[in-house]
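Asks: One predicted model, sequence on top.
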Amino acid sequence: MAQSITIARPYAEAAFELARESNDLAGWAQGLTLAAAVVGNEQVDLVLRSPRVSDEDKAALIIEICGDDLNPTLANMIRLLVDRDRILQLPEMARQFDDLRATHERTLDAQLVTAQPIDDAVRDRLAKALSTRLDRTVRLASEIDETLIGGAIVRAGDLIIDGSVRGRLTRLTGALSR
């Protein structure tokens, strides 16, 4: 896993710079996400790992499946990744590209986990408060976890705010055992 991250990093950074220079971060993100999904497909993966298939055919397969969603520069990058035997790193590269884009655009995806559904007004207030605290635009997605007794857990990047009843009880138990 660490090797995959290390290998993908320079390609993700190069893709990000190309996207930024062409002022098309959204287009590149969409193309990379699609190409990464194609590479992650089980049947395509078998073709990409086959020594019987030429590099040209491997690249052509990915580019053809993606169609018009790949700009010419991204299609060339796909060819380069295949040629350098790095195409299987494309899903990690796309993830790192998304991280670079989020940092550049000062956005953050956060997850709100609650025991029961909450209304949109509460979720919007929480997203606004997180945006203020983290100095970024926070996009908050909700998830229901019926195993929570009550309260909520917010995960935003490396930040975890555990306001669940279970979390409070765990902290209380730890404090009492000291």
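Replies: Received the coordinates, thanks. Numbering: from 1, shown residues only.
Asks: domains for the protein, by residue range?
Replies: Taking automatic domain parsing as the domain assignment, the record places the domains of the chain at 2-103, 107-177.
Asks: what mean pLDDT does the longest one have?
Replies: Per-region confidence: domain 2-103 scores 93 on mean pLDDT.
Asks: Check stretch 124-138 too.
Replies: When pLDDT is averaged along stretch 124-138, the result is 88.
Asks: quick one on the thing from earlier: can you lay out the domains of the chain as TSV showing mean neighbour count?
Replies: Just so you know, the C-beta spots here come from the backbone N, C-alpha and C atoms, and that holds for glycine as well. Putting the domains of the chain into TSV (neighbours: other CB atoms under 10 Å) gives the following:
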stretch	mean neighbour count
domain 2-103	17
domain 107-177	14
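Asks: hey, where'd the strands end up in the chain?
Replies: Taking DSSP state E as the criterion, the chain carries its strands at 107-114, 137-144, 152-156, 159-162.
Asks: what about the third one, distance to the chain center?
Replies: Pointing back at strand 152-156 there. How far strand 152-156 lies from its chain's middle: 17 Å, per CA atoms, centre = their mean, to the nearest Å.
Asks: re the thing from before, want to throw the strands of the chain into CSV with distance to Ile62?
Replies: Formatted as CSV, the strands of the chain follow (distance: least, CB to CB, whole Å):
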stretch, distance to Ile62
strand 107-114, 27
strand 137-144, 29
strand 152-156, 33
strand 159-162, 36
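Asks: mind checking how far Thr137 is from Ala102?
Replies: 9 Å (CB to CB, to the nearest Å).
Asks: what is in contact with those two at once?
Replies: Contact criterion CB atoms under 8 Å, 6 or more residues apart in numbering; residues shared by Thr137 and Ala102: Leu108.
Asks: and Pro113, what does it touch?
Replies: Quick fix: residue 113 is Val, not Pro. 142-145, 148, 152-155, 164.
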